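S.K.: Here is a sequence with its predicted model. Questions after.
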Amino acid sequence: MSIAETGPPARQSGGGLRGAWRRFRNRLAGSADFQAQAQKWPVAKQMAKKDGERLFDLIAGFTYTQTLYALTERGALQALAERDLALPALARIMELPEDRARLLADGGVGLGLMERVGGDYGLSRLGAAFLGAPGLIDLVLHHRELYADLSDPTAILRGEVDTRLSQYWPYVFGAGAAEDPEAAARYSNLMANSQAMVAADTLAAVSLTGVKHLMDVGGGDGAFAAKVGEAYPAMRLTACDLPPVAERARARFSREGLSDRADAVGADFRTAIPATGADAISLIRVLYDHEDETVRGLLSRVYEALPPGGHLLVSEPMGGGDAPHRFGDVYFALYCLAMKTGRVRSAARIGALMAEAGFSDVTQGDGARAYVTTAVMGRKPN
């Protein structure tokens, strides 16, 4: 889908019949008397019930995430992957008194992650899907930092605090911080674990047919490049990242038998992008780590590094622009704010930044899961 052709959605006016109806509807919905009377009308009663449940979920949502965190951190879900367990055995695994273990396990049942199987506890289909999704366990566990930061979201919005999440990701602040091998490994492991989903959705959303050599800039330990190599057996591949991270990519390519057509180069993309002869460059979950000034410089360097007719692929979680949604405009927006270094952008905004750098034919490819990624591609004119 061409971003240039579709443009942003038309703005809706707050006036006229539509605006009058919305104000009338909201007055009714906000009236305690109407809410009481609505219980007598089946259709209105059902609507009120759904609204009430949605509001309660918004109010209680933090307790849901904390229950998931505790179940994961205590190893309860992982233990149930192999067999059903009675409460005493589950309590021993979680290292909790039985009454507290029952409270947490029943919370898992309430969230649909676990099931009661006679007198035992078992894993539900949703719980099995959680364990089977690459990287979700690590993602939940590292959310401890985000949860602490969001204890006072107003302070983050005002820029008054030094967040824990910004310290968790020293990698994004530049080569100096990332020279710590432990920090680089922590970043790379978490990113690599979830990269399979990102790669699958990206490659389903766009075609790289005709590309001879792809360089994945900010490519971490080469997980995305390796997945591209599986899908395109004749393509040459380069992962470009900071030197300690590039070493991990080179090791991955060796392990996966790709060394004959894949390599890694060490560089800081905020200062230079090496010339490798690549006719396509990918930026996978890179732009939302950085502010506009850094992104403009990066896109300019990518443009210069590509030959005429070369392509740029950007893939990452994106906001909805004029139609905000929960994934990009709630979760990732606050996450980036807590990181103190980036921001979520809509596909249209990314397309505009690419056009500003000189790219043309900017198109959007929607992945199967917006909470995983959206893809935008552009071409350097001939």
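M.R.: Noted; the coordinates are in hand. Only a predicted model underlies this, so the values are computations on that prediction, with no experimental measurement involved. Numbers count the residues shown, from 1 in each chain.
S.K.: Buried residues in the longest helix anywhere in the chain, which are they?
M.R.: Ranked by number of residues, the top helix in the chain under DSSP state H is helix 42-73. Going by neighbour count (16 or more other Cβ atoms under 10 Å), the buried part of helix 42-73 is 48, 67-68, 70-72. C-betas here are computed from N, CA, C, even on glycine.
S.K.: In TSV, list those along with pLDDT and distance to F359.
M.R.: Formatted as TSV, the buried residues of helix 42-73 follow (pLDDT from 0 to 100; distance: Cβ to Cβ, whole Å):
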residue	pLDDT	distance to F359
A48	79	50
T67	97	45
L68	97	40
A70	97	46
L71	98	45
T72	96	41
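S.K.: For those residues, give me JSON lines that also has distance to D263.
M.R.: Formatted as JSON lines, the buried residues of helix 42-73 follow (distance: Cβ to Cβ, whole Å):
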{"residue": "A48", "distance to D263": "61"}
{"residue": "T67", "distance to D263": "45"}
{"residue": "L68", "distance to D263": "40"}
{"residue": "A70", "distance to D263": "43"}
{"residue": "L71", "distance to D263": "42"}
{"residue": "T72", "distance to D263": "37"}
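S.K.: Farthest pair within those?
M.R.: Greatest spacing in the buried residues of helix 42-73, by Cβ to Cβ: A48 and T72 (34.8 Å).
S.K.: Report all helices and strands that the longest helix of the chain contacts.
M.R.: helix 32-38, helix 98-110, helix 136-149 (3 or more Cβ pairs under 8 Å, 6 or more residues apart in numbering; DSSP states H and E).
S.K.: if we go to 10 Å?
M.R.: On a contact count with 3 or more Cβ pairs under 10 Å, 6 or more residues apart in numbering; DSSP states H and E, helix 42-73 meets helix 16-29, helix 32-38, helix 76-80, helix 87-94, helix 98-110, helix 125-132, helix 136-149.
S.K.: among those, where is the model least confident on average?
M.R.: Here the lowest mean pLDDT among these goes to helix 32-38, at a mean of 76.
S.K.: which secondary element of the chain has the worst mean pLDDT?
M.R.: helix 175-178 (a mean of 45; mean pLDDT, DSSP states H and E).
S.K.: what ranges of this structure fall below the confidence cut-off?
M.R.: Within the chain, the segments meeting pLDDT under 70 span 1-14, 169-193.
S.K.: and G210, how many neighbours?
M.R.: Using other Cβ atoms under 10 Å, G210 is surrounded by 11 other residues.
S.K.: can you offset everything so residue one is 342?
M.R.: From this message on, residue numbering opens at 342, which makes the last subject G551.
S.K.: Pull the contacting residues for it.
M.R.: G551 sits next to 573, 576, 620-621, 650, 652 when contact means Cβ atoms under 10 Å, 6 or more residues apart in numbering.
S.K.: Restricted to strands, list those residues.
M.R.: The strands in this structure, assigned by DSSP state E, contain 621, 652 from those.
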